[in-house]
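Colleague: Let's see this in three dimensions:
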Amino acid sequence: MADLEVQYLQVQTTTDSRAEAMELSRAAVESRLAACAQVAGPVASMYWWDGALERAEEWLVLLKLPADRYDDLAAFLTERHSYDEPEIIALPIVTGSAAYLSWMRDETRPVDPAQGV
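Modeller: The predicted structure is shown next:
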């Protein structure tokens, strides 16, 4: 698997509520910035913020998309997220079933209103 160009990503972010996680997921998929999104949680998080160690209960959002959609998704998440500095990180999907990867690409292409698809 050496020398594979990353064509697909799993992007993750966290929120402080299930409602926000679900809304970000719905809006990203509806906007075709991600083919699918999963919400898991709550998860326990530990992090530094404003010089203090914080502990929080958060919801994890996982989004799958072609790598060429990352910049648009990151801008979308930054604009809509309630956190001042939201976690937005991308992990490469180095391989997967051809049918699933093709589906991810197809579902993140802009819809042509003239064709209704």
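
Colleague: Going by C-alpha atoms from here, please, whenever you check contacts or count neighbours.
Modeller: OK.

Colleague: just the helices in this structure please.
Modeller: 18-30, 70-80, 98-107 (DSSP state H).

Colleague: so how far is the longest one from its chain's centroid?
Modeller: Just to be clear, that refers to helix 18-30. In terms of C-alpha atoms, centre = their mean, to the nearest Å, the centre of helix 18-30 is found 10 Å from the chain centre.

Colleague: The last one too?
Modeller: Relative to the chain's own centre, helix 98-107 is displaced by 16 Å; criterion: C-alpha atoms, centre = their mean.

Colleague: can you map out the strands along this protein?
Modeller: Using DSSP state E, the strands found in the chain span residues 8-15, 36-49, 52-66, 89-93.

Colleague: Each with direction, which strands does the shortest one pair with?
Modeller: It refers to strand 89-93. Sheet pairing for strand 89-93, assigned by DSSP bridges, gives strand 8-15 (antiparallel).

Colleague: quick one: the partner strand to helix 18-30, angle?
Modeller: Strand 8-15 runs at 150 degrees relative to helix 18-30, counting by axes from the mean of the first three to the mean of the last three C-alpha atoms, to 10 degrees.

Colleague: can you count the residues close to residue 82?
Modeller: The tally of other residues near residue 82 (other C-alpha atoms under 10 Å) stands at 12.

Colleague: how far away is it from residue 76?
Modeller: Separation of residue 82 from residue 76 (C-alpha to C-alpha, to the nearest Å) stands at 12 Å.

Colleague: re the thing from before, quick one, which of the helices of the chain is nearest to residue 86?
Modeller: helix 70-80 (6.9 Å; C-alpha to C-alpha).

Colleague: Name the residues of that closest one that are buried.
Modeller: Buried positions in helix 70-80, judged by neighbour count with 16 or more other C-alpha atoms under 10 Å: 70, 73, 74, 76, 77, 78.

Colleague: from the chain's centre, how far out does it sit?
Modeller: Counting by C-alpha atoms, centre = their mean, helix 70-80 is centred 9 Å from the centre of its parent chain.
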